[in-house]
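>>> With the sequence up front, the predicted model follows.
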Amino acid sequence: MIGHEDLAVRTLGPCRIDSPLAERLAARETTQHSVVEDDRILFDDTLSMAGVRGVPVGQLPSLEPGGPRQRIYFDPAKTRVGIVTCGGLCPGLNDVIRGLVLELCRHYGVRRIVGFRNGYRGFIPHYGEDVVDLSPEVVQHIDDEGGTILGTSRGMQDPEEIVDALERLAINILFVIGGDGTIRGAMEVVRVIGERGLKIAVVGVPKTIDNDIPYIDQSFGFQTAMSEATKSIHAASVEARSAPGGVGLVKLMGRHSGFIACYSTLAKDDADYVLIPEVPFALQGEGGFLEHLRRRVEDRGHAVVVVAEGAGQEHIEEHEPGRDASGNVRLGDIGRLMRRLITEHLDDAKVENNVRYFDPSYAIRSVPANPYDSAYCLRLAHAAVHAAMAGRTEVIVARRRRRFVHIPMALAVSRRNHVDPLGDLWMSVLEATGQPVRFE
Ligand SMILES: Nc1ncnc2c1ncn2[C@@H]1O[C@H](COP(=O)(O)OP(=O)(O)OP(=O)(O)O)[C@@H](O)[C@H]1O
Ligand SMILES: O=P(O)(O)OC[C@H]1O[C@](O)(CO)[C@@H](O)[C@@H]1O
Ligand SMILES: [Mg+2]
């Protein structure tokens, strides 16, 4: 069970400098819309969860609120900031970079901001990457484009060398924008910073189109990515309904978590089956997926199947599970296997079929953020700047149940966020598709 120690946020030291934002904060009080800096946000949100703890209200585990502080740790005029983006692309990366730069420059008066190129390798001299000076002019309109102006990469880098680079450039604050791997990398950087007795804040903005970072409502860019995915599902549905025995099969990203598959299915009434990593399924046999699909194609003439890339990995026999440069398991291609098995199964049953396969893959994550995600990215960037200027370190900023909070990095990587097969989301998917609770 999560306790106080798991939620404790590290600071570099006392905040002794008046924040340039202090005047605006004077009238603030905790309301439905904001939480003042010395208040706390409850971790549990049901009576039963809080009740199980058996402690008075004041001792319930709680999170530090995000947002601006009256007093800050860093002197803006003497503060130098670094920004890096790592891991796979996600809509909104440029929005976050832009938000960080604008907040630092315009509201705190920080003048020296550099971007490290191509993920953590941008710190390592051997790669010969330049650093990029970032200013409001440089980041103007970068949010119109997908991707990241800084570039990104996978692959392990030596944290000692990363901190060498931070020291060489006299960086006081490092913002890391990335997923679980990036946060793990940042924790290594924090460890080395500590060993060297340096006062450098490391603050993360969590990024994952898979929405697999725990304790946060939804990651930025997820809404954009899942909206893009709905286009492919709709196209699959049009194809399926326009041909005898039409089967539209769509493979969507989602290594270990099927959120994109679930939400993009719920957005439109197009899909008949959703297969995700969290819910194992039998393929063969009377209660298996293929027989169910055959019956549906015979009864209704068409079907649409959405499969998350991490689903049904146990069915892929020939696959040698290697790892990518960052150590992430390389998955077998469930989409192509399903296409072959569906075609063979319908052929064997002498059911006329036209299987159309869609793999939108990178297309859903390389687009610019939609307006909702852009606004969300900007608010996350603001929260990250407030946290860092107040000397918070080894934290990510996140929105949890509508509140912006500081989550210790260790907690953010302690587990993965999954679709709960017994939870409300999966229940909605079952209701929307009408598929059986289990294929077994
Ligand atoms: N276990 C780890 N320990 C230290 N550093 C790591 C670890 N895993 C990854 N990293 C560093 O973080 C970077 C990004 O990691 P990774 O490629 O796994 O992407 P990610 O941040 O998890 O994003 P996503 O999975 O959403 O694409 C890597 O290039 C590597 O430098
Ligand atoms: O091919 P790449 O760039 O390594 O990224 C693919 C992976 O990145 C993600 O988009 C995020 O981790 C996964 O859904 C996907 O498996
Ligand atoms: Mg990852």
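That came in fine, so what should we check first? Ligands and ions are numbered 1, 2, ... in the order given.
>>> Going by C-alpha atoms from here, please, whenever you check contacts or count neighbours.
Fine.
>>> Would you mind measuring the gap between the ends of stretch 327-338?
End-to-end distance of stretch 327-338 (Cα to Cα, to the nearest Å): 26 Å.
>>> So for that stretch, mean pLDDT?
Throughout stretch 327-338, pLDDT has a mean value of 95.
>>> Report the buried residues of it.
331-335, 338 (16 or more other Cα atoms under 10 Å).
>>> Does it reach ligand 3?
No: applying Cα under 5 Å from the ion, one finds stretch 327-338 separated from ligand 3 by no less than 7.2 Å.
>>> Would you mind naming what in the stretch 1-150 of the chain lies close to ligand 2?
Contact residues, the stretch 1-150 of the chain versus ligand 2 (Cα under 6 Å from any ligand atom): residue 88.
>>> Residue of the stretch 1-150 of the chain closest to ligand 2, please.
residue 88 (4.7 Å; Cα to the nearest ligand atom).
>>> Verify the contact between that residue and residue 153 for me.
Yes: contact status for residue 88 versus residue 153: in contact at 7.4 Å, counting by Cα atoms under 8 Å.
>>> Next one: the residue of the stretch 1-150 of the chain closest to ligand 2 relative to ligand 1, how far apart?
To ligand 1, residue 88 is 3 Å away according to Cα to the nearest ligand atom, to the nearest Å.
>>> which residues does that residue contact?
Applying Cα atoms under 8 Å, 6 or more residues apart in numbering to residue 88 gives the contacts 152-154, 208.
>>> wait, is it part of a helix?
No: assigned with DSSP: H, G, I helix; E, B strand; the rest coil, residue 88 falls outside any helix and is coil.
>>> In stretch 227-235, which residues are buried?
Residues of stretch 227-235 classed as buried by neighbour count (16+ other Cα under 10 Å): 227-230, 232-235.
>>> Closest one of those residues to ligand 2?
For those, the nearest to ligand 2 is residue 229 (12.4 Å; Cα to the nearest ligand atom).
>>> does any part of the one helix or strand that closest one maps to sit near ligand 2?
Element membership of residue 229, judged by DSSP states H and E, is helix 222-241. No: judged by Cα under 6 Å from any ligand atom, helix 222-241 makes no contact with ligand 2; its nearest approach is 9.9 Å.
>>> so what's in contact with residue 88 and residue 153 at the same time?
By Cα under 8 Å, 6+ apart, no residue touches both residue 88 and residue 153.
>>> what's the average pLDDT for the strand or helix carrying residue 48?
When secondary structure is defined by DSSP H and E, residue 48 falls within helix 47-53. Averaged across helix 47-53, the pLDDT comes to 95.
>>> what does stretch 19-26 give?
Here stretch 19-26 scores 93 as its mean pLDDT.
>>> Identify the residues contacting that stretch?
Outside stretch 19-26, the residues that touch it by Cα under 8 Å, 6+ apart are 68-72, 107-108.
>>> Please apply the same query to stretch 315-331.
154-156, 181, 255, 309-310, 313, 332-334, 337.
>>> what residue ranges in the stretch 201-350 of the chain score low on pLDDT?
Low-confidence segments of the stretch 201-350 of the chain (pLDDT under 70): none present.
>>> Relative to ligand 1, how far out is the residue in the chain sticking out farthest from the centre?
Computed with Cα atoms, centre = their mean, the residue of the chain farthest from its C-alpha average is residue 350, at 43.7 Å. As judged by Cα to the nearest ligand atom, residue 350 and ligand 1 stand 42 Å apart.
>>> wouldn't residue 367 be in contact with residue 144 here?
No: using Cα under 8 Å, residue 367 is not in contact with residue 144; the gap is 9.2 Å.
>>> and the two? which has more neighbours close in?
For residue 367 versus residue 144, neighbours defined as other Cα atoms under 10 Å are more numerous around residue 367 (20 against 15).
>>> Looks to me like that one is in a strand.
No: the assignment for residue 367 is coil, going by three-state DSSP, so no strand is present there.
>>> residue contacts, it?
With Cα under 8 Å, 6+ apart, residue 367 has these contacts: 91, 145-147, 224-225.
>>> what do you get for residue 121?
When contacts are counted by Cα under 8 Å, 6+ apart, residue 121 touches 127, 129, 153, 157.
>>> who touches residue 405 in this structure?
Shown in contact with residue 405 (Cα under 8 Å, 6+ apart): 41, 63-67, 397-399.
>>> from those, which single one is nearest residue 196?
Comparing the contacts of residue 405 against residue 196 with Cα to Cα picks out residue 397 as the nearest, at 25.2 Å.
>>> And that closest one, how close does it get to ligand 3?
17 Å (Cα to the ion, to the nearest Å).
>>> Who are the contact partners of the residue lying closest to that residue once chain neighbours are set aside?
Leaving out its chain neighbours, the residue that sits closest to residue 397 by Cα to Cα, 6 or more residues apart in numbering is residue 406, at 4.9 Å. Residue 406 makes contact with 9, 63-66, 387, 395-398, according to Cα under 8 Å, 6+ apart.
>>> Let me know how buried residue 272 is, in neighbour terms.
For residue 272, the neighbour count with other Cα under 10 Å is 21.
>>> I'd say it and residue 431 touch.
No: using Cα under 8 Å, residue 272 is not in contact with residue 431; the gap is 10.3 Å.
>>> Please enumerate the helices of this structure.
All helices of the chain, identified by DSSP state H, fall at 4-7, 22-25, 47-53, 93-102, 136-139, 159-168, 180-195, 222-241, 259-267, 289-300, 334-348, 371-389, 409-412, 424-433.
>>> Out of those, which is closest to residue 363?
Closest to residue 363 of the helices of the chain is helix 222-241 (Cα to Cα; 7.8 Å).
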